[in-house]
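Chemist: sequence and predicted model, in that order:
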Amino acid sequence: MATALHPPEVRRRGRGRALLAALPWLAPALVLIIGVVLYPAGYMIYTAFRKITKIGVETGAAGWSNFRTALTFPAVPIGKVFLNTFVWTVVVVVATVLLSLALAQFLDKTFRGRKLVRLAVVVPWAASVVMTSTVFYYGLNRDYGLINKALVDLGILSAPYGFTQNATSAFWVAVFVAVFVSLPFTTYTVLAGLQSVPGEVLEAAQVDGAGPAVRYLRVVLPILRPAIAVATLINIINVFNSLPILRVLTGSLPGYGADITTTLIFKYKTALGPGVSSALSVVNFLVVLVIIAIYLAVVRPTREV
């Protein structure tokens, strides 16, 4: 005699059948995630615990020695590198989000030529990051840079200055370029959020006596929170792991004064081998996870408005 199934068992079997039915459609994405994300990440962790020469020959287990070398290598001011990483990430992300809020608000207005202005905003995003960085690198050259010459002609500088020839100024030039190339994506994300702000809600707030500033802070910003949260998260990940901008603008400088952890990883790979660079990559990965976790805990973007 057949045994009646209890409701929880029925639900479990139903979910199992649904999962099996969806598996053929999910399989390509799962294969891509495993091949492009999980396998490289697992191999990076494995490499971090192996002794590997600079030419890639594995010679045995390394234990935690690669991590100790990565964090205590005598020639590297690791504290300064982590400070650079923190300043780089916070300044670029905060400046990008704030400028994008203003720019998106402007682009949401109706004015003649708005489509052309919106198209122009996309250009830094559409162009190669390496190309954009190279344009600034040569444009700021002290001897023949057009940007340097323009600054002198406008009276902003009394003489040409080598912006990319010392660590401090080159680092801040890289920060400016990073904000410049991050603005289009963030602006369009916020602009998409602005399209979802109900006009009748703003009209009701205006009728109730709320001024423009109050309407923006009390009505618009809370509705924009999901869009801002997505843009901020993506920017944190992209900026924290950014390599091309700093590699172009500061890669030729001696020492480690303009390095962040991501650029240091590649210097370690050349100087100390894949094992040490993989160890620092693992540390880098854990640090960005902690930053994202703190951001989610503080901002709570999924909380209802």
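Modeler: Thanks, I have the structure now.
Chemist: tell me how far the residue nearest in space to the middle of the chain lies from Arg68.
Modeler: For the chain, Asn238 is the residue whose C-alpha lies nearest the centre (Cα atoms, centre = their mean; 2.1 Å). Look at Asn238 and Arg68: by Cβ to Cβ, to the nearest Å, they are 30 Å apart. All C-beta atoms are positioned from the backbone trio N, CA, C, and that covers glycine.
Chemist: in stretch 57-64, what's buried?
Modeler: Residues Ala62 are the ones in stretch 57-64 that count as buried (16 or more other Cβ atoms under 10 Å).
Chemist: tell me, how many residues neighbour Phe49?
Modeler: 17 (other Cβ atoms under 10 Å).
Chemist: shouldn't it be in contact with Glu58?
Modeler: No - the pair Phe49 / Glu58 is not scored as a contact, 11.0 Å apart, by Cβ atoms under 8 Å.
Chemist: what does the pLDDT read for the nearest residue to Thr69 once chain neighbours are set aside?
Modeler: Nearest residue to Thr69, sequence neighbours excluded (Cβ to Cβ, 6 or more residues apart in numbering): Val276, at 5.1 Å. You'll see Val276 listed with a pLDDT of 91.
Chemist: also Glu203?
Modeler: Glu203 is given a pLDDT of 77.
Chemist: quick thing: my sequence starts at 51, can you match it?
Modeler: Done: numbering now begins at 51, and the last item shifts to Glu253.
Chemist: and it, what element?
Modeler: Secondary structure assignment for Glu253, by DSSP states H and E: helix 249-257.
Chemist: poorly predicted segments of this structure, please.
Modeler: Confidence mapping of the chain against pLDDT under 70 gives the ranges 51-64, 66, 351-355.
Chemist: and if we set it to 80?
Modeler: Residue ranges of the chain with pLDDT under 80: 51-73, 105-106, 175-176, 246-253, 255-262, 267-269, 348-355.
Chemist: packing partners for the lengthiest helix in the chain?
Modeler: The longest helix of the chain (DSSP state H) is helix 128-157. On a contact count with 3 or more Cβ pairs under 8 Å, 6 or more residues apart in numbering; DSSP states H and E, helix 128-157 meets helix 164-176, helix 217-244, helix 271-290, helix 311-321.
Chemist: quick check: next helix or strand after the shortest one?
Modeler: This means helix 311-321. Counting by DSSP H and E, what follows helix 311-321 is helix 324-349.
Chemist: for that next one, name the packing helices and strands.
Modeler: Looks like helix 324-349 contacts helix 89-98, strand 100-102, helix 115-122, helix 271-290, helix 311-321 (3+ Cβ pairs under 8 Å, 6+ apart).
Chemist: if we use 10 Å, what do you get?
Modeler: Counting by 3 or more Cβ pairs under 10 Å, 6 or more residues apart in numbering; DSSP states H and E, the packing neighbours recorded for helix 324-349 are helix 89-98, strand 100-102, strand 108-111, helix 115-122, helix 128-157, helix 271-290, helix 311-321.
Chemist: list the buried ones in it?
Modeler: 324-334, 337-338, 341, 345.
Chemist: what of stretch 296-312?
Modeler: 296-301, 303, 306-312.
Chemist: now render the residues you listed as a markdown table, adding distance to Pro262 and secondary structure.
Modeler: Shown next, in a markdown table, are the buried residues of stretch 296-312 (distance: Cβ to Cβ, whole Å; DSSP: H, G, I helix; E, B strand; the rest coil):
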| residue | distance to Pro262 | secondary structure |
| --- | --- | --- |
| Leu296 | 39 | helix |
| Arg297 | 43 | helix |
| Val298 | 41 | helix |
| Leu299 | 39 | helix |
| Thr300 | 42 | helix |
| Gly301 | 46 | coil |
| Leu303 | 46 | coil |
| Tyr306 | 47 | coil |
| Gly307 | 44 | coil |
| Ala308 | 41 | coil |
| Asp309 | 44 | coil |
| Ile310 | 39 | coil |
| Thr311 | 42 | helix |
| Thr312 | 41 | helix |
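Chemist: with distance to Ala220 added, can I get these in a markdown table?
Modeler: Output for the buried residues of stretch 296-312, formatted as a markdown table (distance: Cβ to Cβ, whole Å):
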| residue | distance to Ala220 |
| --- | --- |
| Leu296 | 9 |
| Arg297 | 11 |
| Val298 | 10 |
| Leu299 | 5 |
| Thr300 | 5 |
| Gly301 | 10 |
| Leu303 | 6 |
| Tyr306 | 13 |
| Gly307 | 9 |
| Ala308 | 5 |
| Asp309 | 11 |
| Ile310 | 12 |
| Thr311 | 17 |
| Thr312 | 16 |
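Chemist: ok but Gly305 is inside a strand, no?
Modeler: No - looking at Gly305 with DSSP: H, G, I helix; E, B strand; the rest coil, it is coil, so not inside a strand.
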